[in-house]
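Engineer: need coordinates for the following:
(chains A and B, ligands or ions: 2)
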Amino acid sequence: MEKHDKQPLKSGDPVISIHGLYKSFGDVPVLKGIDFILAKGENVAILGKSGSGKSVLIKIIVGLLKPDAGEVLVFGKQIDLENRKVLDKMRLRIGFSFQNSALYDSMNVSQNLAFPLMMNVKNLSEKEVNSAVEEVLDAVGLSEKINEMPSDLSGGQRKRIGIARTLILKPEIMLYDEPTSGLDPITSAEIIELILEVQQKYNTSSVIITHDLTCAKKTGNRIAMLYDGKFVREGDFAEVFESKNEEIRGFYNYNFIQ
Amino acid sequence: MKTNSVKHYLFSKGIDQYFTGINDVYHFNIRFFKVLFTRPFHFREVINQSFEVGLKSLPLITLTGFIVGIVFTKQSRPSLEDFGATSWLPSLICIAIVRALGPLVTALICAGKIGSSIGAELGSMRVTEQIDAMEVSAINPFKYLVVTRVLATTITIPILALYCSFVGLYGSYINIHTEETSSIVSFYQSAFSSISFLDIFSGVAKSVVYGFTIGMVGCFKGFNATQGTRGVGKAANQAVVLAMFLIFIEEIVIVQLANWIRYF
Ligand SMILES: Nc1ncnc2c1ncn2[C@@H]1O[C@H](COP(=O)(O)OP(=O)(O)OP(=O)(O)O)[C@@H](O)[C@H]1O
Ligand SMILES: [Mg+2]
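Structural biologist: Numbers count the residues shown, from 1 in each chain, chains lettered A, B, ... in the order given. Ligands and ions are numbered 1, 2, ... in the order given. Here you go, the predicted model:
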């Protein structure tokens, strides 16, 4: 894990730190001054209404979108979209699980998993690739689907394969974009288990974007609430939901059937 | 007053979009040549894509080339007969096919078949975030998807064009053979005696340009697709239309250039 880094990060050091981040699309402001820190070993759940800019935020972190203003430091380095080499090095250390899985639909499951590995690590033998693929498939519990095409998988299975595809590069940070959305409660519970397992086994720090308070409560040591382009409340689960703020109450009431 | 400003808005917006479009195409091309010679080279993917391009269009090109050869010969015979010059038929056909018809027919078929499929494929990868997924796994999607496909079309389409010319001449021979018994050897001898190396070379050079255009346009439209599934259809469609349009313009320019060189 520390192989990329001269000075290994200690638990508690910030791996992502964002200050005064602004982003708008055309005339529509989406993020209006975000400050956010993710410490090593920490798991933060980000809550927020649909359209509040959660996906935009993590896409900025991996350099898929360019911020209008503000500072985004990942592993202590400013993201620079122009410098592809440095950017790619950083991206190898971050796993990004897409809201819609984004599996390569021209490839089967094992090719999907092998692709990022073969493209980034030179001179791997077929055997090494296969064993890496089997390992991550085993980690997400879908070993029997190795030769299926993505279009033949269910939504939950696709999510898991998507997570497996990021795990194969052994990331230090995992960014999950709505890992349980659109899934039934039982599958959701399985995905939550998986996220927890990944946190343990791969020792990742993670950001989990979700609407699902069960997921947030179980996977996050800390909850951050995004509202109107800013983080309005942060803390552990109980702290955040002490709030009398209507938006926050709304979230709570819906999830816990009141 | 109001209609005036609406008109002004539409007008300036149209011009604005036109120039932004040209600028985008320009930068897309620059980006291509910038990364073309940088590592990693995805040789294997270029070969895969070349096979894809070749095999996809081979049946249609065989059929079309053959029919063009037959029909063109059949149609030309009466006019030559009026002058009692049917013996010139092979030369005439050969010049027409090698210089113009082979490359052009191949390019148009490939624009329809390959251009649209590249546009649709990359377009759907864009709107389903597969291109972003490559990006975040530290794979350069421009190199892996665009450069490989453009190289594949640039390499494969000239080969297909030569093949198309060859099949066309064969079709022509079949037609001539049904009218008068002549051997295939003497047919090809008299056919090729009329053309020079420059003809074959300019046919190939033309096809290289067409191949590059088809790959580039398909990739440009697909890679920059927006608006969900509708965008995919739009990308495929626009790729074909724009590629065909450019091919005709290039045809005119290259024919002019070749003529200058020939009679210089
Ligand atoms: N590429 C883009 N171009 C234009 N607008 C965009 C783009 N991406 C996002 N937006 C806009 O930014 C806003 C936030 O989008 P985002 O996808 O981050 O929402 P979200 O919080 O992830 O919502 P959800 O929970 O539904 O996924 C939306 O209003 C969206 O329309
Ligand atoms: Mg989202």
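Engineer: can we go C-alpha only for contacts and neighbour counts from here?
Structural biologist: Will do.
Engineer: the residue positioned nearest the centre of chain A bridge partners, please.
Structural biologist: Central residue of chain A (C-alpha atoms, centre = their mean): A:Leu175, 1.3 Å from the mean position. Taking DSSP bridges as the rule, A:Leu175 bridges to A:Phe96, A:Val207.
Engineer: which residues of the stretch 151-258 of chain A lie near chain B?
Structural biologist: Contact residues (C-alpha under 8 Å from any C-alpha of the partner chain) of the stretch 151-258 of chain A with chain B: A:Thr166.
Engineer: sketch out the strands for the stretch 151-258 of chain A, chain order is fine.
Structural biologist: A:173-177, A:205-209, A:222-227, A:230-235 (DSSP state E, counting those that start in this stretch).
Engineer: can you tell which of the ones you listed is closest to B:Val127?
Structural biologist: strand A:173-177 (16.6 Å; C-alpha to C-alpha).
Engineer: pull out the buried positions in the closest one.
Structural biologist: A:173-177 (16 or more other C-alpha atoms under 10 Å in any protein chain shown).
Engineer: try stretch B:236-252
Structural biologist: Buried, per 16+ other C-alpha under 10 Å, within stretch B:236-252: B:236-244, B:247, B:250-251.
Engineer: same question, stretch A:14-22
Structural biologist: For stretch A:14-22, burial by neighbour count (16+ other C-alpha under 10 Å) applies to A:14-18, A:21-22.
Engineer: does ligand 1 have contacts with it?
Structural biologist: No: for stretch A:14-22, no contact with ligand 1 is found by C-alpha under 6 Å from any ligand atom; the gap never falls below 11.9 Å.
Engineer: mind saving the C-alpha coords of that stretch as CSV?
Structural biologist: Backbone C-alpha positions of stretch A:14-22 (Å, rounded to 0.1, in the frame of the first residue of the first chain) are rendered in CSV as follows:
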residue,chain,number,x,y,z
PRO,A,14,-5.7,14.0,5.7
VAL,A,15,-5.8,12.1,2.4
ILE,A,16,-8.3,14.4,0.8
SER,A,17,-8.7,18.0,1.7
ILE,A,18,-10.9,20.4,-0.1
HIS,A,19,-11.1,24.2,0.6
GLY,A,20,-13.5,26.7,-0.8
LEU,A,21,-14.6,24.6,-3.7
TYR,A,22,-17.0,26.1,-6.3
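Engineer: list the contacts of the spatially closest residue to B:Gly102 that is not a sequence neighbour.
Structural biologist: Nearest residue to B:Gly102 in three dimensions, chain neighbours excluded: B:Ser165, at 4.6 Å (C-alpha to C-alpha, 6 or more residues apart in numbering or on different chains). Listed by C-alpha atoms under 8 Å, 6 or more residues apart in numbering or on different chains, the contact set of B:Ser165 reads B:65, B:97-98, B:101-103.
Engineer: what's the most distant pair in those residues?
Structural biologist: Farthest-apart pair in those is B:Gly65 and B:Val98; separation 11.3 Å (C-alpha to C-alpha).
Engineer: number of residues surrounding residue 149?
Structural biologist: Went with chain A since none was named. 18 (other C-alpha atoms under 10 Å in any protein chain shown).
Engineer: oops, I was thinking of chain B
Structural biologist: 28.
Engineer: and if you look at the one 3 residues further on?
Structural biologist: Here the count is done by other C-alpha under 10 Å, and B:Ala152 has 24 residues near it.
Engineer: ok, which stretches of chain A are helices?
Structural biologist: If DSSP state H is used as the criterion, the helices of chain A fall at A:54-61, A:84-92, A:109-120, A:126-139, A:155-167, A:185-201, A:213-219, A:237-241, A:246-255.
Engineer: what would those helices look like in a markdown table with mean pLDDT?
Structural biologist: A markdown table is the format used below for these (pLDDT from 0 to 100):
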| stretch | mean pLDDT |
| --- | --- |
| helix A:54-61 | 92 |
| helix A:84-92 | 89 |
| helix A:109-120 | 91 |
| helix A:126-139 | 89 |
| helix A:155-167 | 89 |
| helix A:185-201 | 86 |
| helix A:213-219 | 86 |
| helix A:237-241 | 72 |
| helix A:246-255 | 71 |
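Engineer: state the pLDDT value of the residue nearest to B:Gly102.
Structural biologist: B:Ser165 carries a pLDDT score of 92 in this model.
Engineer: and if you look at A:Lys10?
Structural biologist: 66.
Engineer: got JSON lines for the strands of the stretch 151-258 of chain A, with distance to ligand 1 too?
Structural biologist: Shown next, in JSON lines, are those (distance: least, C-alpha to the nearest ligand atom, whole Å):
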{"stretch": "strand A:173-177", "distance to ligand 1": "8"}
{"stretch": "strand A:205-209", "distance to ligand 1": "8"}
{"stretch": "strand A:222-227", "distance to ligand 1": "9"}
{"stretch": "strand A:230-235", "distance to ligand 1": "12"}
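Engineer: lowest-confidence stretch among those?
Structural biologist: Confidence, taken as mean pLDDT, is least for strand A:230-235 of the strands of the stretch 151-258 of chain A (a mean of 80).
Engineer: return the distance of that strand from the chain's centre.
Structural biologist: Strand A:230-235 sits 19 Å away from the centroid of its parent chain (C-alpha atoms, centre = their mean, to the nearest Å).
Engineer: okay, now the sheet partners of that strand, with direction.
Structural biologist: strand A:222-227 (antiparallel).
Engineer: can you give me the distance of the residue positioned nearest the centre of chain B to chain A?
Structural biologist: Among the residues of chain B, the one closest to the centroid is B:Ala107, at 3.0 Å (C-alpha atoms, centre = their mean). Computed as C-alpha to the nearest C-alpha, to the nearest Å, the B:Ala107 to chain A distance reads 26 Å.
Engineer: so that residue, which of the three states?
Structural biologist: helix (DSSP: H, G, I helix; E, B strand; the rest coil).
Engineer: thinking again about what came up before, any idea how far the residue nearest to B:Gly102 is from B:Ile67?
Structural biologist: Remark: distance between B:Ser165 and B:Ile67 (C-alpha to C-alpha, to the nearest Å) = 11 Å.
Engineer: okay, the helices of chain A, which one's buried deepest?
Structural biologist: Most buried of the helices of chain A, by mean neighbour count (mean count of other C-alpha atoms under 10 Å in any protein chain shown): helix A:155-167, with a mean of 25.
Engineer: quick one: contacts of that helix?
Structural biologist: So helix A:155-167 is in contact with A:95-98, A:100-103, A:109, A:112-114, A:116, A:136-137, A:139-140, A:142, A:150, A:179, A:182-183, A:187-188, A:191, B:137, going by C-alpha under 8 Å, 6+ apart.
Engineer: give me the contact list for stretch A:189-203.
Structural biologist: A:41, A:140, A:156, A:160, A:170-172, A:179-180, A:204-206, A:215, A:218-219.
Engineer: quick revisit: make a markdown table out of the buried residues of stretch B:236-252 and add distance to ligand 1 and pLDDT.
Structural biologist: Converted to a markdown table, the buried residues of stretch B:236-252 look like this (distance: C-alpha to the nearest ligand atom, whole Å; pLDDT from 0 to 100):
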| residue | distance to ligand 1 | pLDDT |
| --- | --- | --- |
| B:Ala236 | 21 | 90 |
| B:Asn237 | 22 | 91 |
| B:Gln238 | 21 | 89 |
| B:Ala239 | 22 | 91 |
| B:Val240 | 26 | 92 |
| B:Val241 | 26 | 92 |
| B:Leu242 | 25 | 90 |
| B:Ala243 | 27 | 91 |
| B:Met244 | 30 | 93 |
| B:Ile247 | 32 | 92 |
| B:Glu250 | 35 | 91 |
| B:Glu251 | 38 | 90 |
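Engineer: between those residues, which is closest to B:Tyr18?
Structural biologist: B:Tyr18 has its nearest neighbour among the buried residues of stretch B:236-252 in B:Leu242, at 13.4 Å by C-alpha to C-alpha.
Engineer: now that closest one: closest residue in space that isn't a chain neighbour?
Structural biologist: B:Val217 (7.1 Å).
Engineer: the one you found contacts B:Gly115, correct?
Structural biologist: Yes: at 7.2 Å, B:Val217 counts as touching B:Gly115 under the criterion of C-alpha atoms under 8 Å.
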